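Participant: My questions are about this predicted structure, shown below with the sequence.
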Amino acid sequence: MNYWLLKTEPEEYSWDKLEREGRGGWDGVRNFMAARNLRAMKLGDRAFFYHTGDEKRIVGVCEITREAYPDKSDPTGKFVMVDVKPVRKAKTPVTLAEIKADKQFADFVLVRQARLSVMPVSAAHWKTICQRAGLDA
DNA sequence: GCCAACGTTGGC
DNA sequence: GCCAACGTTGGC
């Protein structure tokens, strides 16, 4: 299984909304590197749900329920989206500040490429963050 | 709230 | 196919 991180503005699409609706489509990605990561996702892969903006923290874990397919919101047809469902909410959200302060995350894409919205997470980083968040890995 | 950095688009 | 210009994102 592979691990990922998905960024979203909570005002636009939040963990609460995903939980309320039970599933959601991850559309609107317009960045090639992010899109490449979307295409690499496999059914059953897990992803951290990250709130950007003022929050800047990991708030939960979701699962990929449908692999990449054409993004309905993209008129050019170049970009793809995936579907996700909520798995578990973080007991303790893990903040970006906390991650940055920890040397073991120095090579984490979230730190190195601040603007990327869809990125892979290594198994080691996944495990550490799950522990901090009070999530079962 | 400004500015720098990055990524994408369009012109040549 | 390169490079300048533009738009967007995130840091301070």
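Facilitator: Perfect, thanks for sending it.
Participant: Give me the sheet partners of the strand ranked longest in chain A and which way each runs.
Facilitator: Counting by DSSP state E, the longest strand found in chain A is strand A:80-95. Strand A:80-95 pairs in its sheet with strand A:24-26 (antiparallel), strand A:57-70 (antiparallel), by DSSP bridges.
Participant: Is DNA strand C within reach of the first one?
Facilitator: When you say that, I think you mean strand A:24-26. No. Strand A:24-26 lies out of reach of DNA strand C by CB under 7 Å from any atom of the strand, never closer than 14.6 Å. Yep, even glycine has a C-beta here, placed from its N, CA and C like the rest.
Participant: Residues of chain A that sit close to DNA strand B?
Facilitator: That would be A:30, A:31, A:32, A:33, A:113, A:115, A:116, which are the residues of chain A within reach of DNA strand B (CB under 7 Å from any atom of the strand).
Participant: Tell me which two in those residues are the farthest apart.
Facilitator: Greatest spatial distance among those (CB to CB): A:30 and A:113, at 15.7 Å.
Participant: hmm, who's touching the following helix or strand past the longest strand of chain A?
Facilitator: Per DSSP states H and E, the first helix or strand lying C-terminal to strand A:80-95 is helix A:96-101. Contacts to helix A:96-101, defined as CB atoms under 8 Å, 6 or more residues apart in numbering, come from residues A:56, A:57, A:105, A:108, A:110, A:111, A:129, A:132.
Participant: Which helix or strand contains the fifth one?
Facilitator: Right, the one you point to is residue A:110. Using DSSP H and E, residue A:110 falls within helix A:109-112.
Participant: Give me the helices and strands touching that helix, please.
Facilitator: helix A:96-101, strand A:118-121 (3 or more CB pairs under 8 Å, 6 or more residues apart in numbering; DSSP states H and E).
Participant: quick one: contacts of the longest helix belonging to chain A?
Facilitator: Across chain A, the longest stretch assigned as helix under DSSP state H is helix A:123-133. With contact meaning CB under 8 Å, 6+ apart, helix A:123-133 is reached by A:3, A:46, A:48, A:58, A:61, A:90-94, A:98-99, A:104-105, A:108, A:121, A:136-137.
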